[in-house]
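Novice: got a predicted structure here, sequence first:
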Amino acid sequence: MSMTGNKGKVLFVYPNSEGYGGVPNGIALLSGCLRQAGFETKCFDTTFLKSPPLDHMNRQRYGTVDKSDASMTWGEWSPELSKKIPELFIKIIDEFKPDVIAVSFAEMDYIYGCSLLEIIHDKKIPIIAGGVFPTLCPEIVIENPCIDAVCIGEGEDALVEFAECIVERRDYSNVKNIWLKKDGVVVKNPLRPLKDMNMLPFQDWSIFDQRHFYKPYCGGFPKTAFIELSRGCHFDCTYCCNTARKKLFKGLGNYIRHRDVDKTIDEIVYLKGKWGIEVIFFIDDNFLAIREERFNYFCEQYQNRVNLPFYIQTRSETIREDFVKRLNEINVSTIAIGVEHGSEEYRKKYMHRMMSNDELKRSFDIVHKYGIRTTANIIMALPYEDENYFKETIKLLRVLKPSSVTLSYLQTFHGTMMHEMAVKEGYIKKDYIIPDTRNFLVMNRFPPDRIRHYYENFRKYIDGELEI
Ligand code: B12
Ligand code: SF4
C-alpha cells in the first residue's frame, strides 16, 4: 500500500451522532483506496465527542446485553466534549488543509452532520457526501447548499476519481456514480458497474481513534474487526436498505458478490498482525447463503490462518446442521438470526419474510444444539402493528430462547417499502428525515406509552417475569 500521500489530502467526516462505536468499514475501505492512489487521509469523527454510547447504555439499562462498563474502554463522556466539536473541526481543517472533504452519512446522522458542514461552509473546500442515505435519496442531499457532490452507491472508484480531478484541476463533472452541481444545475452521472470485491484494498484503520477497535461483546470489550466476505442479499424485506439498493443497482452486475476467501483471510491476518484484533464480525447480510465448496474452503482456511472467535448473521433458511457443526469446530461464537417479528401473518404480509415460526424454531434449535450463542434481531413499532401483534413477538421469543436479543424501533429509512407504507398511512411526511434512532412512529393502534413500556421491559417479558 503506497503511503507517500503526496498526491493530495482528503479529510473524512464521520458525523456519528449517537456514540455508536466500531470502525466504520466503508470509510476504512475508502481510506485504503485513497492511500493506494497516493493520497493522504484523516478522519474527523464525532463518535466519542457528540454523545455517550446511547445504544449500549439503553441495552444495559433494559438488560438485553451482558453488563460491561463502557467508560472503562471509551472514557467518560461529558457535554463539554460535545461543545468542543466546532472548534476541533475548524482546527483539523486549518491544520490538515484538505483538498476534499468526504462525509459519510447514515440517515440518522444526516441532520446533525449537515449542521457541522455549515460551520466550515465559508472555507470553500469541495465537499462530497456518500453512504447509505445519500445513495437512497441523492435528490435530498444534493439540494443542501453545503454539499457540492453526492456519491450514489459504492465509492471505491468514484471517490478516488473525484479527488484526483480536484487536485489535478480537471473537470469532475462526468465522474460515474456522482451527482454534482454545475453552474446551478444538478448533473446526474450514470452509475458504474458494481465493484469486483477482489479489487478491494485492506481497510485502513490508522485514521481512527483506537477506542473504535473495542466493541462490547459478551460482557467484555474485545478488539473487533468488521469483515466482508460477500456483499448483497437475495431477499426483499420491506424495511431493509438492501432491497432498495438492489433495485437501484439493477443492470450493473450481480448484486450478490463474493470476495475470494484467500483475500478476505489475508485482510484478517493483516488486521490481526497490525492491530491485535481478537474477534471477527462478518458483516455479510446473509453469511450462510454460500455454496458448500466455498464454505468448506473458508472453514479450512479460517481454522488454519485465523482461528479467532467470530460472529455471523444469517437468515434462518440458510441454517444447515452440517454447516453449523463445522462452524462450531472453527470457533464461531455467535450466530445472529433475523426474527424481526413473532407473527407469521405480519411477517408475510408487511415484511415480505416468508419463513414460518417452525422454521425459525428449527434454526435456533440447531444452533443451540452445538452450544453456540444466538442473537435474535427484533423490530417493533411497525406500521399496522398493535399490542396483540407485538405479544406474538414475545411469545415466539419464549419458544426460540435466543441467548440475546437486539430490539430496535422501526426506522423508516428512505428508499424502503416501510417508508412508503408509513407515508401512505400518514405516520410521517414523505421528506421526513430520521433525526435519531430513539424515535418511533406515533400510531393510535399502538400508543407511544405502550411502545415504550414494552421496549423498556422486553427482557422481563421474554424471561416470563412479566405476563402478557
Ligand atoms: C457494519 C455496519 C455497522 C457498523 C459500522 C457502521 C458504519 N457507519 O460503517 C456498526 C456496528 C458500528 C453500525 C452501527 C449502526 N448501524 Co449499521 N450497518 C452495518 C452494515 C451491516 C454494513 C455496513 C458496511 O460496512 N458495509 C460495507 C461498506 C463497504 O459499505 P458502506 O458502509 O455502505 O460504504 C460504501 C458506500 O456506501 C460508499 N460510501 C460510504 N460512505 C461514503 C462517503 C463518501 C464521501 C463516498 C464518496 C462514498 C461513501 O462507499 C463505500 C464503499 O463502497 C449495514 C447493512 C448493509 N448491508 O449495508 C448496516 C447499516 C449501515 N446500519 C444501519 C444502522 C441504522 C446502524 C445504527 C443506527 C445501529 C442500529 N440501530 O441499527 C448504528 C449507527 C452507526 C452510524 N452512525 O453509522 C443502517 C443504516 C440505514 C440508513 N439508511 O441510514 C444499515 C444500512 C442497516 C439497515 N438497518 O438497513 N453499523
Ligand atoms: S434478509 Fe436481511 S439483509 Fe436481506 S433483505 Fe431481509 S433484512 Fe435485508
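Specialist: Yes, it's here. Model, not experiment: these values are computed from the prediction. Ligands and ions are numbered 1, 2, ... in the order given.

Novice: interface residues of the protein facing ligand 2?
Specialist: Within the chain, the positions near ligand 2 by Cβ under 6 Å from any ligand atom are 233, 235, 236, 237, 240, 242, 243, 285, 286, 315, 338. Using the backbone N, CA and C atoms, a C-beta is placed for each residue, glycine as well.

Novice: how near is the closest residue to the third one other than its chain neighbours to residue 222?
Specialist: Pointing back at residue 236 there. Spatial nearest neighbour of residue 236, excluding adjacent residues (Cβ to Cβ, 6 or more residues apart in numbering): residue 243 at 4.7 Å. Distance of residue 243 to residue 222, computed by Cβ to Cβ, to the nearest Å: 32 Å.

Novice: ok, of the residues of the chain next to ligand 2, which one's closest to residue 191?
Specialist: residue 242 (16.5 Å; Cβ to Cβ).

Novice: surely the closest one and residue 231 touch.
Specialist: No: using Cβ atoms under 8 Å as the test, residue 242 is too far from residue 231 to be in contact (9.5 Å).

Novice: mind giving me the domain split of this protein?
Specialist: The record's domain parsing of the chain by automatic domain parsing lists 8-188, 222-462.

Novice: so which of the ones you listed gets nearest residue 468?
Specialist: For those, distance to residue 468 was read as Cβ to Cβ. The smallest value, 4.8 Å, belongs to domain 222-462.

Novice: that closest one vs ligand 1: in contact?
Specialist: Yes: using Cβ under 6 Å from any ligand atom, we find that domain 222-462 touches ligand 1 at 226, 228, 240, 241, 242, 283, 285, 408, 411, 413, 437.

Novice: in TSV: those residues, plus pLDDT and secondary structure.
Specialist: Listed next are the residues of domain 222-462 next to ligand 1 as TSV, based on pLDDT from 0 to 100; DSSP: H, G, I helix; E, B strand; the rest coil:
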residue	pLDDT	secondary structure
226	98	strand
228	98	coil
240	97	coil
241	96	helix
242	95	helix
283	98	coil
285	96	coil
408	96	strand
411	97	coil
413	97	coil
437	94	coil
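
Novice: now the residues you listed as JSON lines including neighbour count and distance to residue 90?
Specialist: Output for the residues of domain 222-462 next to ligand 1, formatted as JSON lines (neighbours: other Cβ atoms under 10 Å; distance: Cβ to Cβ, whole Å):
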{"residue": "226", "neighbour count": "18", "distance to residue 90": "30"}
{"residue": "228", "neighbour count": "20", "distance to residue 90": "34"}
{"residue": "240", "neighbour count": "23", "distance to residue 90": "38"}
{"residue": "241", "neighbour count": "20", "distance to residue 90": "33"}
{"residue": "242", "neighbour count": "19", "distance to residue 90": "37"}
{"residue": "283", "neighbour count": "18", "distance to residue 90": "33"}
{"residue": "285", "neighbour count": "22", "distance to residue 90": "38"}
{"residue": "408", "neighbour count": "16", "distance to residue 90": "35"}
{"residue": "411", "neighbour count": "21", "distance to residue 90": "31"}
{"residue": "413", "neighbour count": "21", "distance to residue 90": "31"}
{"residue": "437", "neighbour count": "18", "distance to residue 90": "28"}
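
Novice: residues in contact with the residue of the stretch 351-468 of the chain at minimum distance from ligand 1?
Specialist: Shortest the stretch 351-468 of the chain-to-ligand 1 distance, computed as Cβ to the nearest ligand atom: residue-wise this is residue 413, at 3.8 Å. Going by Cβ atoms under 8 Å, 6 or more residues apart in numbering, residue 413 touches 107, 132, 133, 136, 239, 241, 244, 419, 434.

Novice: verify the stated contact: the third one with residue 105.
Specialist: By that I understand residue 133. Yes: with contact defined as Cβ under 8 Å, residue 133 reaches residue 105; the gap is 4.4 Å.

Novice: which neighbours do these two share?
Specialist: Common neighbours of residue 133 and residue 105, counting by Cβ under 8 Å, 6+ apart, are residue 141.

Novice: what mean pLDDT does stretch 424-433 have?
Specialist: Stretch 424-433 carries an average pLDDT of 96.

Novice: buried set for that stretch?
Specialist: By 16 or more other Cβ atoms under 10 Å, the buried positions in stretch 424-433 come out as 427, 428, 433.

Novice: how about residues contacting the helix or strand of the chain with the lowest mean pLDDT?
Specialist: Least confident helix or strand, the chain: helix 70-74 with a mean of 77, by mean pLDDT, DSSP states H and E. Contact with helix 70-74 is made by 19, 21, 48, 52, 53, 56, 57, 77, 211, 214, 216, 221, as judged by Cβ under 8 Å, 6+ apart.

Novice: what residue in the stretch 251-400 of the chain comes nearest to ligand 2?
Specialist: Counting by Cβ to the nearest ligand atom, the stretch 251-400 of the chain gets nearest ligand 2 through residue 285, at 3.5 Å.

Novice: around the residue nearest to residue 236, how many other residues sit close by?
Specialist: By other Cβ atoms under 10 Å, 19 other residues sit near residue 243.

Novice: and it, its phi and psi?
Specialist: Dihedral angles phi and psi of residue 243 (degrees, to the nearest 10) take the values phi -60, psi -40.

Novice: equivalent analysis for residue 28, please.
Specialist: For residue 28, the backbone dihedrals (degrees, to the nearest 10) come out as phi -60, psi -40.

Novice: identify the residues contacting the residue in the stretch 251-400 of the chain that ligand 1 sits nearest to.
Specialist: As assessed by Cβ to the nearest ligand atom, ligand 1 sits closest to residue 283 within the stretch 251-400 of the chain, at 4.2 Å. Listed by Cβ under 8 Å, 6+ apart, the contact set of residue 283 reads 25, 226, 227, 228, 313.

Novice: run through the protein and note the low-pLDDT ranges.
Specialist: 1-4 (pLDDT under 70).

Novice: apply 50 and report the result again.
Specialist: Where the chain drops to pLDDT under 50, the residues are 1-2.

Novice: can you redo the residues of domain 222-462 next to ligand 1 as TSV with distance to residue 166?
Specialist: Shown next, in TSV, are the residues of domain 222-462 next to ligand 1 (distance: Cβ to Cβ, whole Å):
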residue	distance to residue 166
226	29
228	28
240	34
241	29
242	31
283	30
285	33
408	38
411	34
413	30
437	34
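
Novice: out of the residues you listed, which is nearest to residue 96?
Specialist: When the residues of domain 222-462 next to ligand 1 are compared for distance to residue 96 (Cβ to Cβ), residue 226 wins out at 25.7 Å.

Novice: and the residue lying closest to the closest one once chain neighbours are set aside, what is it in contact with?
Specialist: Leaving aside its sequence neighbours, residue 226 sits nearest to residue 25 (Cβ to Cβ, 6+ apart; 4.4 Å). By Cβ under 8 Å, 6+ apart, residue 25 lies in contact with 203, 226, 228, 283.

Novice: just put the domains of the chain in TSV and tack on distance to residue 199.
Specialist: Converted to TSV, the domains of the chain look like this (distance: least, Cβ to Cβ, whole Å):
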stretch	distance to residue 199
domain 8-188	8
domain 222-462	9
